[in-house]
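Student: Here's my sequence, what's the structure:
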Amino acid sequence: MAKSTKEHLEDTFNDLGTDDLKSFKNKLCDRKKGAGIRKAQLQKVADAIDLADLMVRTFTSTGAVPVAIEILEAIGCNEPAAELKENAGHGLPVAQSRGDVVDHGASQGLKVELALSDDWHEQLHVVLCSQQFKNQIIRENGQEIYEVKEKYVRKRLALLINNIDFDDKAMTRRGADRDEQNMEWLLKELDYQVVKYRNLSAKDMEKAVMDFARREEHAHSDSTFVVIMSHGKRDAILGVHYTASNPSDTFPVDNVYRCLNTEKCPGLRDKPKVILLQACRGGDSGRLWASDGEPDEPVEIEGDDFVHKEKDFISLMSCTPDTKSYRHVENGTFYVQNVVDVLMKHAHKDHIEELFRKVIQRFESTEMMGSYKQMACKDRASLPKLFYLFPGL
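Tutor: The predicted structure is shown next:
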């Protein structure tokens, strides 16, 4: 039976002398490329088994070997590095993702592909929809599909908020700049003009969403995306001034919907509003992805002579309630990587709920996060129709 990544690392660490193992740990603490491991964590390491386990938990099963090789070479242990490289391989980039099981049957042999490698923007693109497919879908399901305005008349807007640097330096979201780059690229490819903010307090996040809701362009749009990435807790997103002594800097997730509902944002009435939230919702590590809302009360619907106050929303949250959402320190969050990858490859033929299902399916049996487990989930969906993006049209 082939050895696991952890077993290969254990063998390597067992073969290192006391001085070399100490140098390895010190270099791991000082590692600047992407991130290292905090000294407090390494102080708890008792033996090679503990160190191998910590490496895999921190850098994932696909990223731990390249990091180990990098450090071994840096401290002059070239022979152990070469042996590890030969026995375990360089390891695939950490953003590895399996093939989509919807499109590639097991009998065909799933080919492991990179979800988002360093140069993926140069190699890949959003698959464009054909006019023939669009015409067919409209012909067959016209009344059940949201209207998509012609490209030459519409003015699509998307809001992107990304909190990276916090007052508490220990909360710095390393790798989040990659998420911002990837998400902004995707939204522009889908023909959305991106309104972008970085490092906002809770008060500033609310103002940004409210200002976005007032934009006149929405009247000439057919849909919108709102993407917020930060630290979080159950039902709230943390502002950059959040600390143990200032726990009030939180932006309730509920306010996103309130700012964009029919009353506050009439320009988006009867138009799909896609909410993507990347944030932890608690401290449990059993699962990594969660829905960001469990409405305690039914969606408010007014009488027959009025319009629905909250309608045409769909949200995909990065983790289930009370759990963490994991982020790789170089490649960004697994959530954003998979959202971008799925929409890039399948938006030309699938409506948004099917796209979200495929994102969720990625986490059902994926091994790219090592020993961690994570599940994205939909939340607060109120789309009465199917929303196709029809990229390119």
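
Student: Now the element after the longest helix along the chain, going C-ward?
Tutor: With secondary structure taken from DSSP state H, the chain has its longest helix at helix 48-74. Using DSSP states H and E, the helix or strand that follows helix 48-74 towards the C-terminus is helix 78-88.

Student: Domain map for the protein?
Tutor: 5-91, 113-379 (automatic domain parsing).

Student: Verify the stated contact: K44 with D53.
Tutor: No: under the criterion of C-beta atoms under 8 Å, K44 makes no contact with D53, lying 10.8 Å away. Yep, even glycine has a C-beta here, placed from its N, CA and C like the rest.

Student: And those two? Which one has more around it.
Tutor: D53 (17 against 8; other C-beta atoms under 10 Å).

Student: List the contacts of the nearest residue to that one once chain neighbours are set aside.
Tutor: Spatial nearest neighbour of D53, chain neighbours left out: K6 (6.4 Å); criterion: C-beta to C-beta, 6 or more residues apart in numbering. Going by C-beta atoms under 8 Å, 6 or more residues apart in numbering, K6 touches A52, D53, V56, S61, A64.

Student: Closest one of these to K311?
Tutor: Lowest distance from K311 to the contacts of K6 (C-beta to C-beta) belongs to S61, with 42.8 Å.

Student: Read off the pLDDT value for the closest one.
Tutor: Model confidence at S61, given as pLDDT, is 67.

Student: Adding distance to L393, write the domains of the chain out as TSV.
Tutor: Below are these laid out as TSV (distance: least, C-beta to C-beta, whole Å):
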stretch	distance to L393
domain 5-91	37
domain 113-379	5
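
Student: closest one to K385 among the ones you listed?
Tutor: domain 113-379 (4.9 Å).

Student: Could I get the average pLDDT for that closest one?
Tutor: For domain 113-379, mean pLDDT rounds to 83.

Student: Lowest-confidence one in the contacts of K6?
Tutor: Lowest pLDDT among the contacts of K6: S61, 67.

Student: coming back round to it: the longest helix of the chain packs against which elements?
Tutor: When contacts are defined as 3 or more C-beta pairs under 8 Å, 6 or more residues apart in numbering; DSSP states H and E, helix 48-74 sits against helix 5-15, helix 18-30, helix 39-42, helix 78-88, strand 327-328.

Student: could you dump the fourth one to PDB, C-alpha only?
Tutor: Same thing as helix 78-88. Only the C-alpha atoms of helix 78-88 are listed here, as PDB (Å, rounded to 0.1, in the frame of the first residue of the first chain):
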ATOM      1  CA  ASN A  78      19.600  18.500   0.600                       C
ATOM      2  CA  GLU A  79      19.800  14.700   0.800                       C
ATOM      3  CA  PRO A  80      16.600  14.300   2.900                       C
ATOM      4  CA  ALA A  81      14.900  16.800   0.600                       C
ATOM      5  CA  ALA A  82      15.900  14.800  -2.400                       C
ATOM      6  CA  GLU A  83      14.700  11.600  -0.800                       C
ATOM      7  CA  LEU A  84      11.300  13.100   0.100                       C
ATOM      8  CA  LYS A  85      11.000  14.600  -3.400                       C
ATOM      9  CA  GLU A  86      11.600  11.200  -4.900                       C
ATOM     10  CA  ASN A  87       9.400   9.200  -2.500                       C
ATOM     11  CA  ALA A  88       6.500  11.600  -2.200                       C
END
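
Student: which secondary structure elements does it contact?
Tutor: Using 3+ C-beta pairs under 8 Å, 6+ apart as the test, helix 78-88 ends up in contact with helix 5-15, helix 48-74.

Student: Comparing the helices and strands packed on helix 48-74, which stretch has the densest surroundings?
Tutor: strand 327-328 (a mean of 25; mean count of other C-beta atoms under 10 Å).

Student: Excluding covalently adjacent residues, which one is nearest to E7?
Tutor: A52 (7.7 Å).

Student: again, but for Q193
Tutor: L157 (5.4 Å).

Student: gap between the one you found and E217?
Tutor: 5 Å (C-beta to C-beta, to the nearest Å).

Student: can you list residues touching both of those two?
Tutor: By C-beta under 8 Å, 6+ apart, the residues touching both L157 and E217 are Q193.

Student: The two - which one has more neighbours?
Tutor: L157 (22 against 15).

Student: so the more buried one bridges to which residues?
Tutor: Q193, T224 (DSSP bridges).

Student: list the contacts for M55?
Tutor: Taking C-beta under 8 Å, 6+ apart, one finds L9, I37, A64, V67, A68 in contact with M55.

Student: count of residues packed around the last one?
Tutor: Using other C-beta under 10 Å, A68 is surrounded by 28 other residues.

Student: follow-up on the earlier one: quick one: the longest helix of the chain to helix 18-30, angle?
Tutor: 80 degrees (axes from the mean of the first three to the mean of the last three C-alpha atoms, to 10 degrees).

Student: Okay, buried residues for helix 48-74 please.
Tutor: By neighbour count with 16 or more other C-beta atoms under 10 Å, helix 48-74 contains the buried residues 48, 51-69, 71-72, 74.

Student: Stretch 227-239 now?
Tutor: Buried residues in stretch 227-239, counted by 16+ other C-beta under 10 Å: V227, I228, M229, S230, H231, G232, K233, A236, I237, L238, G239.

Student: Among those, which pair sits farthest apart?
Tutor: Among the buried residues of stretch 227-239, the pair separated by the greatest distance (C-beta to C-beta) is V227 and K233, which sit 18.8 Å apart.

Student: Would you map the strands across the stretch 101-250 of the chain?
Tutor: Along the stretch 101-250 of the chain, the stretches classed as strands by DSSP state E, counting those that start in this stretch are 113-114, 157-162, 193-198, 224-229, 232-233, 236-238, 250-252.

Student: Taking strand 193-198 as reference, get the angle to the second one.
Tutor: To tie it back to what came earlier, the one meant is strand 157-162. Angle, strand 157-162 to strand 193-198, by the same axes, to 10 degrees: 20 degrees.
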